[in-house]
Structures are given as C-alpha cells and as structure tokens.
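Novice: Got a sequence here, can you model it:
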Amino acid sequence: MWYQSSISDTDTIGLKAYKGSEFAELTFDHDPGMGPITTTSPWQVTQVVCHGRYDNSTTALTPLVHRKEHVGPIVQRFAVYLKDSPTCFKVDCSFEYFSLGYNTSACVNTSKLFVIERDEDYDNKPSSVCQEVTVKPFGQSTVVNYISTKCDQNSVCKSMLSLPIDELSAWPSQSSVQDIFICQVRDIASTEYVQHFDEEA
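Specialist: Coordinates of the predicted model:
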C-alpha cells in the first residue's frame, strides 16, 4: 500500500532520498480489493483518509489522501522532505466501509512509520520539485501542499518516473497527477518535452 516507486532496494520501513536531493518519493497505492478489509460483497469502501507527521511534530492539517463515497483504486505520490538524516515520518490512515447486506459500517485504522535517509551522493545541489504534493517540516508542524511552479531558465520540469507526458495536468489539483515532476537541466533530448511544457504553461 505504501512503497517507493523510485527505489527498488528499500525495506518495508526504510526510504531513500531521491538522487542526492532533500526529499524522498513515497507512493500510496490502494486497491479496494486489497485493503484492510477485502471489499468483496457485501463490503464497500466509503472513505479513505490518511494524515502524515514528522517525529515530534504535529499532524498536518491537510490530509495526504482523502477520498469518499464510491472509492476506487488510488495511486498518489508525494515528495516527503527530510527534517534530519535520518528522518522519521509516520502515516495514519482510516478506512471506512459499509455493508448493505449487513446494514452496518466498519472503520479500520492503520499506522506506518518510515525512516528516511539522505542519499550517499547528496551534493548540496538537490533537485527541486516543480509539480506534485510536497510534505515539509515547518518548526514543530507538518505542512502538506500541492505545488506547481516553473523551473529556472536552465532547467525543465520533467517527470521523475518517466510516466507518459499526458500525465502533466494542465489544471493541477491535489489528486490529478500520479507522478512527481522535478527541475532537471535542459539537454537536446528534452527539447520536444520543453516545447510541450512551455505551451501547457
């Protein structure tokens, strides 16, 4: 349900920052048929809510995930910034179900703790996120924001996981993109992508 798409050799709780950067990619992948309660008849998922917080920090007011009513498959990715190295980050989720046959509801709460470590190649020139949901520490608080910004003139906003170009949302919202976009140095191979992005912007 929670894993890293960008790193293949992490364990169940360990996360690695992305290629020398100050953030780790974290994926939430939920299928109603594989949740805390398998949603075969007579159960249906009616709401999924997940919040995140850093160690010794308050829980973010904005949820990482919030879907309700007829909840289908969910794939959402986040850029979770380091607070220290290592950084402890906890996710709490609540899954609500309703059974028409039993005429009753049920709620299952889950928690997962992650330990994020800085990449060995960190060089104080980290890649910056230009589009996606970011999680950052702010004093004793945890802040969740959707960002969409342009890179500087020497960089282009590119998909971190190389998903199809049409995943770039012209009307961004917190649940519209299934990839993290980062500023990368322009090169000849990216010319076609740059032109497309500039037109969309």
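
Novice: Quick check: which ranges of the chain have low pLDDT?
Specialist: 8-13, 38-41, 121-126, 163-177, 187-201 (pLDDT under 70).

Novice: now the strands: where do they sit in it?
Specialist: For the chain, applying DSSP state E gives strands covering 2-3, 14-16, 23-30, 43-54, 65-68, 74-81, 87-99, 104-117, 129-138, 141-148, 155-159, 181-185.

Novice: right, and those - which one's nearest Pro36?
Specialist: Nearest to Pro36, of all these, is strand 104-117, at 4.0 Å by CB to CB. C-betas here are computed from N, CA, C, even on glycine.

Novice: Next up, the contacts around the spatially closest residue to Met34 that is not a sequence neighbour.
Specialist: Nearest residue to Met34, sequence neighbours excluded (CB to CB, 6 or more residues apart in numbering): Met1, at 7.8 Å. By CB atoms under 8 Å, 6 or more residues apart in numbering, the contact set of Met1 is Phe28, Asp29, His30, Met34, Gly35.

Novice: Can you redo these as CSV, where the extra columns are neighbour count and distance to Thr110?
Specialist: Compiled in CSV, these are given as follows (neighbours: other CB atoms under 10 Å; distance: CB to CB, whole Å):
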residue, neighbour count, distance to Thr110
Phe28, 18, 12
Asp29, 15, 14
His30, 23, 11
Met34, 11, 13
Gly35, 19, 9
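
Novice: and the residues you listed, which two are the farthest apart?
Specialist: Phe28 and Met34, at 12.8 Å, using CB to CB across those.

Novice: Quick check: the residue nearest the centre of the chain vs Ile147, distance?
Specialist: With distances taken as CA atoms, centre = their mean, Phe78 lies nearest the centre of the chain, 1.9 Å away. Noted for Phe78: a distance of 11 Å to Ile147, by CB to CB, to the nearest Å.

Novice: Now do the shared contacts for these two.
Specialist: Shared contacts of Phe78 and Ile147, counting by CB under 8 Å, 6+ apart, come down to Glu132, Val133, Thr134.

Novice: Let me know the closest of those to Ser111.
Specialist: Using CB to CB, Val133 comes nearest to Ser111 of the shared contacts of Phe78 and Ile147, at 19.9 Å.

Novice: give me the beta-bridge partners of the closest residue to Thr134 other than its chain neighbours?
Specialist: Among residues not flanking Thr134 along the chain, Ala79 sits closest, at 4.8 Å (CB to CB, 6+ apart). On the basis of DSSP bridges, Ala79 is bridged to Glu25, Thr134.

Novice: so Ala79 sits right up against Asp179, yeah?
Specialist: No. Counting by CB atoms under 8 Å, Ala79 does not reach Asp179; the two are 10.7 Å apart.
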